[in-house]
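Participant: Starting from these lines, generate the structure:
(one chain, ligands or ions: 1)
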Amino acid sequence: MKEPDANSDANPATDGSELIRFDKVTKRFGDNVVLDGLDFSVASGKHVTLIGPSGSGKTTILRLLMTLAKPDEGTIKVNGDYLTHEERNGKLVPAGEKHIREVRKNIGMVFQQFNLFPNMKVLRNITEAPVTVLGMSKDAAEERARELLELVGLTEHVDKYPSQLSGGQQQRVAIARALAMRPQVLLLDEVTSALDPELVAGVLDVLRDIARTTDITMLCVTHEMNFARDISDQVLMFDSGRVLESGPPEKIFGDPEHERTREFLGAVL
Ligand SMILES: Nc1ncnc2c1ncn2[C@@H]1O[C@H](COP(=O)(O)OP(=O)(O)OP(=O)(O)O)[C@@H](O)[C@H]1O
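Facilitator: Modelled structure (predicted):
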């Protein structure tokens, strides 16, 4: 087990309200302790990047937030509401499906493998969830989708199917689709790692634009260190399921405290 205060300096919530809070979260797969009593938080409007060696638990954190996995111990709060639990009759009990769906509306995620609906055109890929989950009118959802397609530079592809687009274009549709739900936080899981190298820059530029021009909170797992340096307010270096160190990008990339961080950056930069 890590020291109780091992993550105490890892809290990026220096201002703004706290949007995400992990409190002593442990996640195991069999004997493999992937997250080990993890504490960290993300303040509203901040861009926080998780870096660290393969297998250190970064994706697991995003999957827990999407409720694609459940913690074995500890609690997760999103916007002040427990994601993992709910209060019934003054008692904290494991959260039910309805409660989880409500809290999850605050969260959008973009995956490595775009995950678009192959049988729907671009416009419908973006409008589907706002209409069916949020109950938005079709017209309002389409208007919003067209604004988002402009933001991601795909206005002319509105009537195409995903298979008619490049990987980079599909990923930009996936970004628009996540934003269409007006989430408070956007989770980005190595969103360029499945792309051909020449398509990476276009997707990262779109994300840089979103980080610069919107007030959305971002929690990002990436191996693109220049991108992390550009967009992050805070970088968290993970190792073995805990935060080894955290700080602004200038500090983590320029003058890291731990030898392990230096080794990792030496290997990836
Ligand atoms: N569904 C699962 N079943 C069993 N083990 C899993 C599962 N998901 C993740 N793991 C294990 O948990 C550990 C952390 O995985 P995770 O994907 O969170 O790491 P990561 O830091 O995101 O790595 P990478 O940078 O390679 O994506 C790994 O050892 C992985 O094998």
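Participant: gap between Arg182 and Val133?
Facilitator: 11 Å (Cβ to Cβ, to the nearest Å). Placement of C-beta: from N, CA and C, glycine included.
Participant: sorry, that was for Phe253
Facilitator: 38 Å.
Participant: tell me the secondary structure for the spatially most central residue of the chain?
Facilitator: Geometric centre of the chain, nearest residue: Leu187, 1.4 Å, by Cα atoms, centre = their mean. Classification of Leu187 using DSSP: H, G, I helix; E, B strand; the rest coil returns strand.
Participant: ok, it touching Leu68?
Facilitator: No - with contact defined as Cβ atoms under 8 Å, Leu187 does not reach Leu68; the gap is 10.7 Å.
Participant: about what we covered before: which residues are in contact with the residue nearest to the centre of the chain?
Facilitator: 62, 65-66, 107-110, 218-220 (Cβ atoms under 8 Å, 6 or more residues apart in numbering).
Participant: from these, which would you call buried?
Facilitator: Buried members of these, scored by 16 or more other Cβ atoms under 10 Å, are 62, 65, 107-110, 218-220.
Participant: if we can go back for a sec, quick one, which of Phe253 and Val133 is more surrounded?
Facilitator: Legend: neighbour count by other Cβ atoms under 10 Å for Phe253 and Val133, higher for Phe253 (19 against 12).
Participant: part of a strand, is Val235?
Facilitator: Yes - applying three-state DSSP, one finds Val235 inside a strand.
Participant: Tell me how far it lies from the ligand.
Facilitator: 14 Å (Cβ to the nearest ligand atom, to the nearest Å).
Participant: Which pLDDT value goes with the closest residue to that residue other than its chain neighbours?
Facilitator: Nearest-residue entry for Val235: Ile252, 4.2 Å, with adjacent residues in sequence omitted and distances by Cβ to Cβ, 6 or more residues apart in numbering. We have a pLDDT of 97 for Ile252.
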